[in-house]
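Q: Sequence and predicted model, in that order:
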Amino acid sequence: MGATANAPHIPVLLEPILAAVAPVTGVWLDGTLGAGGYTRALLDAGATKVIAIDRDPLAHEMAKAWAPAYGDRLALKLGTFSDLDTLAGEPLDGVVLDLGVSSMQLDQAQRGFSFMKDGPLDMRMSDQGPSAADLVATASEGELADILYVYGEERASRRIARAIVGERAKAPITTTRDLAKIIESQLPRAKPGQSHPATRSFQAIRIAVNDEFGELGQALKAAERALKPGGTLAVVSFHSLEDRIVKHFLQDRATAPAINRHLPASDAEPPTFALIGKSIEASEQELAVNPRSRSARLRLARRTDVPARSDAPAVPSIEKRRR
Ligand SMILES: C[S@@+](CC[C@H](N)C(=O)[O-])C[C@H]1O[C@@H](n2cnc3c(N)ncnc32)[C@H](O)[C@@H]1O
């Protein structure tokens, strides 16, 4: 795996984050190091220290070029952000998560994330666990349909799952092009302005391979445990399913118990977060220079001094659907 990529990753919604959290002080955790855009900006803006996590060894390889300049103000950790409180090992003043894949991951055909580039059907952000080719080879037709429907909102999920099972009986599906062709064969051609027919299915399989929703749910809980009172949580999501998880978690955690003296005492727990403003999308200027920011949405919240709750946030899951 090379340490460079053809297009640099342009950080999304970085200016609004920095504006919302200024002045940046104390210990921050960046759960999605990527090309280091957020990490470097936080350090340059005045963070005493940044703990930066990524599950992808490529992100760590790339960081070797610039990390030494920050000395021991930067701690790099290879791991998943669901473990962010354990990996941090200290209370935090801020947590940022910039979800999804980086431009480096998308651009490298051999990572298998893109139906636009032919490559091995991999899609793993780390180098661990089963790949997309393994999933497509072993999941039952029903499981495949549920993955496409629940994680990709693909209405033709059953038809595509049937086609995948039919084709894999003839020959193994091992490349992004193989899979894209099967999906395309089951859907009408995209009209101008519409996304490629394989977009939703590729998103769904990537989410399943990397357990992205499980990771996000656990990361939100871990941030609730690790943030100091007054600490900031900033999450950038890239599609509505992901944003819904963040939105519902923060709404739930920021909701005060109903107070009504004519009713028995509410058993609702007091808020562990206070929302900071409304969600933020990319400005026209940002969209003009970075089309990837088109679907991005930033949500911010401030930790209160109420102890973290034990209940996990609800996330869409095919296991729940299959029970
Ligand atoms: C959109 S990129 C982050 C880009 C970064 N903010 C920047 O400005 O360069 C997302 C990164 O998060 C990593 N990532 C995604 N899910 C993760 C998880 N559950 N645990 C750790 N890293 C994860 C990916 O490997 C990828 O490098």
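A: Done, it's in.

Q: And the residue in the stretch 151-300 of the chain that the ligand sits nearest to, its phi and psi?
A: Going by CB to the nearest ligand atom, the ligand is nearest to residue 215 of the stretch 151-300 of the chain, at 3.7 Å. All C-beta atoms are positioned from the backbone trio N, CA, C, and that covers glycine. The phi/psi pair for residue 215 (degrees, to the nearest 10) reads phi -60, psi -50.

Q: Excluding chain neighbours, what is closest to it?
A: In space, residue 215 comes closest to residue 82 once its chain neighbours are excluded; the distance is 4.8 Å by CB to CB, 6 or more residues apart in numbering.

Q: same thing with residue 13?
A: Closest to residue 13 by CB to CB, 6+ apart is residue 298, at 4.7 Å.

Q: In which helix or strand does the one you found reside?
A: Following DSSP states H and E, one finds residue 298 within strand 297-303.

Q: rewinding a little: what's the per-residue pLDDT of the residue of the stretch 151-300 of the chain closest to the ligand here?
A: Looking at residue 215, its pLDDT stands at 98.

Q: same check, this time on residue 150
A: 97.

Q: Might one say that it is in contact with residue 315?
A: No: Residue 150 is not in contact with residue 315 according to CB atoms under 8 Å; the separation is 10.2 Å.

Q: ok, back up a step: quick check: the residue nearest to residue 13 touching residue 235?
A: Yes: Residue 298 is within contact range of residue 235, at 7.2 Å (criterion: CB under 8 Å).

Q: who has more neighbours, these two?
A: residue 235 (29 against 24; other CB atoms under 10 Å).

Q: Just the CA atoms of the host helix or strand of that one, as PDB, please.
A: Residue 235 belongs to strand 227-237 when elements are defined using DSSP H and E. Extracted in PDB, the C-alpha atoms of strand 227-237 (Å, rounded to 0.1, in the frame of the first residue of the first chain):
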ATOM      1  CA  LEU A 227     -15.900  14.500  27.400                       C
ATOM      2  CA  LYS A 228     -15.400  16.800  30.400                       C
ATOM      3  CA  PRO A 229     -18.300  19.000  31.500                       C
ATOM      4  CA  GLY A 230     -18.300  21.800  29.000                       C
ATOM      5  CA  GLY A 231     -16.500  19.700  26.400                       C
ATOM      6  CA  THR A 232     -17.600  19.900  22.700                       C
ATOM      7  CA  LEU A 233     -18.700  17.100  20.400                       C
ATOM      8  CA  ALA A 234     -18.700  17.800  16.600                       C
ATOM      9  CA  VAL A 235     -19.800  15.200  14.100                       C
ATOM     10  CA  VAL A 236     -19.900  15.600  10.300                       C
ATOM     11  CA  SER A 237     -22.000  13.000   8.500                       C
END
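
Q: near the ligand at all, the next helix or strand after that strand?
A: Counting by DSSP H and E, the next helix or strand C-terminal to strand 227-237 is helix 240-253. No: Helix 240-253 lies out of reach of the ligand by CB under 6 Å from any ligand atom, never closer than 10.8 Å.

Q: If you average the pLDDT over the strand holding residue 235, what comes out?
A: 98.

Q: Paired strands for it, with orientation please.
A: Strand 227-237 pairs in its sheet with strand 92-98 (parallel), strand 297-303 (antiparallel), by DSSP bridges.

Q: how many other residues sit next to residue 173?
A: Using other CB under 10 Å: residue 173 sits among 19 other residues.

Q: right, and it touches residue 183 too?
A: No: assessed by CB under 8 Å, residue 173 is found out of contact with residue 183, at 10.6 Å.

Q: Helix or strand: which one has residue 28?
A: Using DSSP H and E, residue 28 falls in strand 27-30.

Q: same for that strand, what does it pack against?
A: helix 37-45, strand 49-54, helix 84-88, strand 92-98 (3 or more CB pairs under 8 Å, 6 or more residues apart in numbering; DSSP states H and E).

Q: neighbouring contacts of it?
A: 38-39, 42, 47-53, 84, 88, 90-96, 98, 226 (CB atoms under 8 Å, 6 or more residues apart in numbering).

Q: still on that earlier bit, and for residue 173 and residue 183, which residues touch both?
A: What both residue 173 and residue 183 touch, as defined by CB under 8 Å, 6+ apart, is an empty set.

Q: Okay, buried residues for stretch 99-118 please.
A: 99-108, 111-115 (16 or more other CB atoms under 10 Å).

Q: wait, I meant stretch 285-301
A: Applying 16+ other CB under 10 Å to stretch 285-301 flags 286, 290, 292, 293, 295, 296, 297, 298, 299, 300, 301 as buried.
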